[in-house]
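Visitor: Provided below for reference: sequence and predicted model.
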Amino acid sequence: MSSAALTNRRRTKIVATLGPATDDPKVLQELFRAGVDVVRINFSHGGHAGVRERVSLVRDAAAQVQREIAILADLRGPKIRIERFAEGPIELQPGQSFNLNGDPDAPPGDQRQVGITYSGLANDVNPGDRILLDDGMLVLEVTAVDGLLIKCRVITGGRLSDRKGLNKQGGGLSIPGLAEHDHADIRLVAELELDFLAVSFPRHAEDMHAARKALHAHGSHAQLIAKIERTEAIENLAEITEASDALLVARGDLGVEIGDAELPAIQKRIIQTALAHNRAVITATQMMQSMIDSPLPTRAEVLDVANAVLDGTDAVMLSAETAVGRHPVKVVEAMHRVCLGAERHQDNAPPPDASHLNFERIDQAIAMAAMFTAAHLPVAAIVALTESGATAKWMSRFRSNVPIYAASPVAGSRRRIALYRNVFAVANTELGEDMDSIVQQALDTLVSKGCLRSDDRVLVTMGDRPGLRGGTNCMKIIQLSSVGMAEAQTELSYQ
């Protein structure tokens, strides 16, 4: 990569959802070349055989284009849906009576009622509550509850078809965070060694702890992403953030529950909370929805993506746009352009002030020192020699124009790094106790790829005991030369 290309390297990452539109291996390779960093596999669509096939396609395509592509598995979760209708879709009229039946043996739906997948809903609603169907397109008001039968009056009518989603306005559903079917999906995530697991509809930290326990029971160390899409999740945001590795602003169901007017401020709050807790964050849902059919985004969509970038999101996500859209590659190219444009006008965060901070870990202190130094001393790049990628992740919490290269010998760590803002993974296979050789190989690799020039000044973080996870305890400032690596100008070390 040339130095000119390096200056245009996009710092915000792109997540693309897989689907029928991406099942052609050539399309998948084009998506990766266009800039996709992470792919999302939605367990709500297709069975385990389909998941296996798509994982294989992703790994083959990533190898073909020589990219580190992470795979995010999105659990179905306990989403409540209506059941099926006996004779196809119905049309609800404002003012008419329409009932929701929580009885597992309820007959197929008709113009008067339909079954629902969650029998406990009758315990969670009262007369006067509003129930939202099909992402809020239809609105019902509860008039009475009779056993498992919820009697309603239609407020906003429309066409209603099989298996549409159901929400309660304002939240308050007691359904657990992990559904029974999620446990089988978690086993598959572990078996396939996927990189991220997104937990749908968590209400509190216990839901995330349960998911992590299930992952570990099957030998997986996938990182956990909490999808913030319930009112209760906003109320418990700090504790959910602490229990997770990343957050996802799931604006579809969240917007239905809290209302459209509240969503912009809540999105900003979620991003700020993730950054404050040193967690990654993805902004998702309908970011370029018009491009399901159109070859160009609307100006409103451009502004939506750009504002998420300016707010500091690590990644922006495409859903139906790539999964079933007519222009999956064009939409990625458009998102790439918008992210780059926003980043050119993004103010860097002020240099971190560590005077009031107390660090529990040495590698955190080194990460802070590196970012402080990069803000005051001209350097071409930061190179983090890392096993797990944790040091680079902490660095990425600060806005900076200085690219961060995470050199790791661990393939799983390099893939997970694909989600972190302004961090780029590099394979570093040099092993042993000779740190100078390990550093030299990383720098040589970056020079050969065009990421560094032979006369650049580089800031390097490392551990003095190679192979130790979480062992970063040194920082060096190195002046490269055309004949090899010069002596470190400055070295900072914590023992």
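Guide: Received, thanks.
Visitor: which secondary structure element of the protein has the lowest mean pLDDT?
Guide: Scoring the helices and strands of the chain by mean pLDDT, DSSP states H and E places helix 3-7 at the bottom, with a mean of 40.
Visitor: going on from that helix, what's the next piece of helix or strand?
Guide: Scanning forward in sequence from helix 3-7 by DSSP states H and E, the next helix or strand is strand 13-17.
Visitor: please point out which parts of the helix or strand following that following strand sit buried.
Guide: Downstream of strand 13-17, the next assigned helix or strand under DSSP H and E is helix 25-34. Of the residues in helix 25-34, those scored as buried under the neighbour-count criterion (16 or more other C-beta atoms under 10 Å) are 27, 28, 29, 30, 31, 32, 34. No exception for glycine: its C-beta is placed from N, CA and C like everyone else's.
Visitor: same check, this time on stretch 284-302
Guide: Buried positions in stretch 284-302, judged by neighbour count with 16+ other C-beta under 10 Å: 284-292, 294, 297, 301-302.
Visitor: for the residues you listed, which one is nearest residue 19?
Guide: Nearest to residue 19 among the buried residues of stretch 284-302, counting by C-beta to C-beta, is residue 292 at 11.0 Å.
Visitor: tell me the contacts of the closest one?
Guide: 320, 321, 324, 325, 326 (C-beta atoms under 8 Å, 6 or more residues apart in numbering).
Visitor: state the distance from residue 331 to residue 293.
Guide: Counting by C-beta to C-beta, to the nearest Å, the gap between residue 331 and residue 293 amounts to 11 Å.
Visitor: over to residue 367?
Guide: The gap separating residue 367 from residue 293 is 44 Å, by C-beta to C-beta.
Visitor: same check on residue 271?
Guide: Taken as C-beta to C-beta, the span from residue 271 to residue 293 is 29 Å.
Visitor: how about residue 405?
Guide: Using C-beta to C-beta, we find residue 405 at a distance of 39 Å from residue 293.
Visitor: tell me the domain ranges of the chain?
Guide: With automatic domain parsing as the criterion, the domains of the chain are listed as 3-78+176-344, 90-168, 354-493.
Visitor: which among these is found nearest to residue 84?
Guide: Closest approach to residue 84 among these is made by domain 90-168 (4.3 Å; C-beta to C-beta).
Visitor: what is the end-to-end distance of that closest one?
Guide: With C-alpha to C-alpha, to the nearest Å applied, domain 90-168 spans 21 Å between its terminal residues.
Visitor: so how far is it from its chain's centroid?
Guide: Taking the mean of its C-alpha atoms, domain 90-168 sits 32 Å from the chain's own mean (C-alpha atoms, centre = their mean, to the nearest Å).
Visitor: and if you look at stretch 173-181?
Guide: 21 Å.
Visitor: one step back: mind checking which of the buried residues of stretch 284-302 are in helices?
Guide: For the buried residues of stretch 284-302, membership in helices holds for 301, 302, with DSSP state H as the criterion.
Visitor: how about TSV for the buried residues of stretch 284-302, with distance to residue 187 and pLDDT added?
Guide: Output for those, formatted as TSV (distance: C-beta to C-beta, whole Å; pLDDT from 0 to 100):
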residue	distance to residue 187	pLDDT
284	25	97
285	28	95
286	31	95
287	31	98
288	34	98
289	33	97
290	38	98
291	35	98
292	33	97
294	40	98
297	38	98
301	38	98
302	41	98
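Visitor: in this protein, where is pLDDT below threshold?
Guide: Screening the chain residue by residue with the criterion pLDDT under 70, one finds the ranges 1-8, 348-359, 430-433, 465-470, 482-495.
Visitor: distance to residue 84 added to the domains of the chain, as JSON lines?
Guide: Conversion of the domains of the chain to JSON lines gives the following (distance: least, C-beta to C-beta, whole Å):
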{"stretch": "domain 3-78+176-344", "distance to residue 84": "16"}
{"stretch": "domain 90-168", "distance to residue 84": "4"}
{"stretch": "domain 354-493", "distance to residue 84": "37"}
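Visitor: residue boundaries of the strands in the stretch 351-495 of the chain?
Guide: For the stretch 351-495 of the chain, the strands defined by DSSP state E, counting those that start in this stretch occupy 381-385, 404-408, 423-427, 457-462, 474-481, 484-493.
Visitor: now for the first one, which elements pack on it?
Guide: The contact analysis (3 or more C-beta pairs under 8 Å, 6 or more residues apart in numbering; DSSP states H and E) places strand 381-385 against helix 362-376, helix 390-395, strand 404-408, helix 435-448, strand 457-462.
Visitor: what comes up buried for the fourth one?
Guide: Applying a neighbour-count criterion of 16+ other C-beta under 10 Å, the buried positions in helix 435-448 are 435, 438, 439, 441, 442, 443, 445, 446, 447.
Visitor: tell me the one among those nearest to residue 344.
Guide: Sorting the buried residues of helix 435-448 by distance to residue 344 puts residue 446 at the head of the list, at 23.4 Å, by C-beta to C-beta.
Visitor: wait, that closest one sits on residue 425?
Guide: No: here residue 446 does not reach residue 425: they are 11.6 Å apart, not a contact under C-beta atoms under 8 Å.
Visitor: spatially central residue for this structure, please.
Guide: Per C-alpha atoms, centre = their mean, the C-alpha nearest to the average position across the chain is that of residue 282, at 4.0 Å.
Visitor: in the sheet, who's paired with that one?
Guide: Beta-bridge pairing of residue 282, defined through DSSP bridges, involves residue 248, residue 315.
Visitor: surely it touches residue 319?
Guide: No: here residue 282 lies out of contact with residue 319, judged by C-beta under 8 Å, at a distance of 11.3 Å.
Visitor: quick one: residues contacting residue 288.
Guide: Contacts were defined as C-beta under 8 Å, 6+ apart; by that measure residue 288 touches 297, 301, 305, 318, 321, 331, 334, 335.
Visitor: quickly find the element holding the last one.
Guide: Secondary-structure assignment from DSSP H and E places residue 335 in helix 328-344.
Visitor: quick one, that helix and strand 13-17 angle?
Guide: Here the directions of helix 328-344 and strand 13-17 differ by 160 degrees (axes from the mean of the first three to the mean of the last three C-alpha atoms, to 10 degrees).
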